[in-house]
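Enquirer: after the sequence you'll find the predicted model.
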Amino acid sequence: MTDRLGVVAKRAENLMPGVPYVRGWAQARRSANALAFQLTALGLEPDFPGLTADVNVSGDGLVRLGIVRPEAALILAELIVSGLEAETPTRAGMLQEAASTRFDAPAA
């Protein structure tokens, strides 16, 4: 199963000739480093120990966050909402309301 961007395609384990694996991995590495820098600045680096660059079978770069604690995922979501609020307060408020409705509902 692969989405339209190939994100869920298998990771590249056996390399095929003609596929730009290095270019995809290098792009993913730059992005992973940028994210790691920001996480470190926020003191969240220990919460994302599995952050790595990778590449799929099509040569598309991937940034893997790895397994994270639910609290770390919540902090990351709150940071994204805060950034959206700074850009567009109305849209971010709607997203935050939708997220709280979805995640704060009592478990069945």
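Expert: Good, I have the coordinates.
Enquirer: buried residues in stretch 30-43, which are they?
Expert: For stretch 30-43, a neighbour-count test (16 or more other Cβ atoms under 10 Å) marks A32, A36, L39 as buried. Bear in mind the C-beta positions are built from the backbone N, C-alpha and C, glycine included.
Enquirer: so which of those residues is the closest to P46?
Expert: Comparing these against P46 with Cβ to Cβ places L39 closest, at 9.0 Å.
Enquirer: name the helices or strands packed onto the longest helix anywhere in the chain?
Expert: Across the chain, the helix with the greatest residue count (assigned by DSSP state H) is helix 21-41. Here helix 21-41 touches strand 52-55, strand 61-64, going by 3 or more Cβ pairs under 8 Å, 6 or more residues apart in numbering; DSSP states H and E.
Enquirer: and A73, how far from I67?
Expert: 10 Å (Cβ to Cβ, to the nearest Å).
Enquirer: who has more neighbours out of those two?
Expert: A73 (13 against 9; other Cβ atoms under 10 Å).
Enquirer: for that one, phi and psi?
Expert: With angles defined as degrees, to the nearest 10, A73 shows backbone torsions of phi -60, psi -40.
Enquirer: which ones are touching it?
Expert: Residues touching A73, when contacts are defined by Cβ atoms under 8 Å, 6 or more residues apart in numbering, are absent altogether.
Enquirer: so what pLDDT did it get?
Expert: The confidence metric pLDDT takes the value 91 at A73.
Enquirer: report the separation between it and D47.
Expert: From A73 across to D47, the span is 9 Å (Cβ to Cβ).
Enquirer: alright, that wraps it up for me.
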